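> here you go, sequence then predicted model.
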Amino acid sequence: MKLLTSFEQFKQPTFSFGEGQEGRRARVAILLSGRGSNMLALVEATKTGILKGLAEVVVVFSNKPDAFGLEAAAAVGCPIASLPSQGRKREAFDADAAALLQQYQPDLVVLAGYMRILSPAFIQPFAGRIVNIHPADTHQHQGLHAYEWAFENKLTETKITVHLVDEGLDTGPVLAQQPVDLRGADTLAEVERRGLAVEHELYARALAELIKSARHAERSEASRVPQVIPSRE
Ligand code: GAR
């Protein structure tokens, strides 16, 4: 499988572990609103896959207290938290959600089917640390229903995208993309099945690259610290 990456992003990570802490696992908060299949794939990757030794899931959070994904997260032993967003003003909810998540001190906030547009109240406390997976090329399709869009337009290929989140709708810098072959996929369910299989692998790989690049940058930074050479007197 080919991972198309924007190497500049990985060379210059937008977050850091903190001085002298680059050897520890990245603390990851996963946010979801629904089913949670990406969350489960990431949790599995931290336990036995590509994220093992690189990341730990410190909380799975939802804006929907009855989201199936929360139940699934608890069943695999993850701490869970929720705050209902229904009826709340966006900025006020986002400020409360950010404050709640900050208690878990996440290095990365990983959106996995978190169906909300984030306001500055949420983005600013975690600037450069929020990552999203989008089931299309974000340059071609933004927002919801990306698999429906691919199916209805009879696309022969779509591109899963992992990107950093900024204040626009799916406008942040792309970290990784992976094409999905849709030839012969003649139902929406089949389009989604093929896409999700790619999502589940790509997300873990992209996060692993991001974390490794942050570690690497910090090690290089540390090695640039001037050495004190004892005098011979
Ligand atoms: C996934 O396909 C994800 O890419 C998509 O929601 C689904 C969540 O599924 N996200 C978006 O469309 C964001 N714009 P999951 O809950 O099974 O991971």
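Great, that's in hand. Numbering: from 1, shown residues only.

> okay, CA-based contacts and neighbour counts for the rest of this
Will do.

> buried stuff in the longest helix along the chain?
Looking across the chain with DSSP state H, the single longest helix is helix 188-223. Going by neighbour count (16 or more other C-alpha atoms under 10 Å), the buried part of helix 188-223 is 191-192, 195-196, 198-219.

> from the chain's centroid, how far away is that helix?
Remark: helix 188-223 is offset 8 Å from the chain centroid, using C-alpha atoms, centre = their mean, to the nearest Å.

> packing partners for that helix?
Here helix 188-223 touches helix 7-11, helix 37-48, helix 146-152, strand 157-164, strand 174-181, going by 3 or more C-alpha pairs under 8 Å, 6 or more residues apart in numbering; DSSP states H and E.

> pLDDT-wise, which helix or strand of this protein ranks last?
When each helix and strand of the chain is scored by mean pLDDT, DSSP states H and E, strand 4-5 comes last, with a mean of 48.

> how about the residues of the chain near the ligand?
Contact residues (C-alpha under 6 Å from any ligand atom) of the chain with the ligand: 34-39, 112-113, 133-135, 143-144.

> now render those as TSV, adding neighbour count, pLDDT and distance to residue 178.
Shown next, in TSV, are these (neighbours: other C-alpha atoms under 10 Å; pLDDT from 0 to 100; distance: C-alpha to C-alpha, whole Å):
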residue	neighbour count	pLDDT	distance to residue 178
34	19	98	23
35	16	98	22
36	23	98	20
37	20	98	18
38	23	98	15
39	26	98	18
112	26	98	17
113	23	97	18
133	28	98	11
134	23	97	11
135	28	98	10
143	14	93	18
144	13	94	19
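
> quick check: residue 170 vs residue 136, distance?
10 Å (C-alpha to C-alpha, to the nearest Å).

> so for those two, which sits in the more crowded spot?
residue 136 (26 against 23; other C-alpha atoms under 10 Å).

> how about that one, what does it touch?
Contacts for residue 136 (C-alpha atoms under 8 Å, 6 or more residues apart in numbering) come out as 142, 146, 147, 158, 159, 160, 161.
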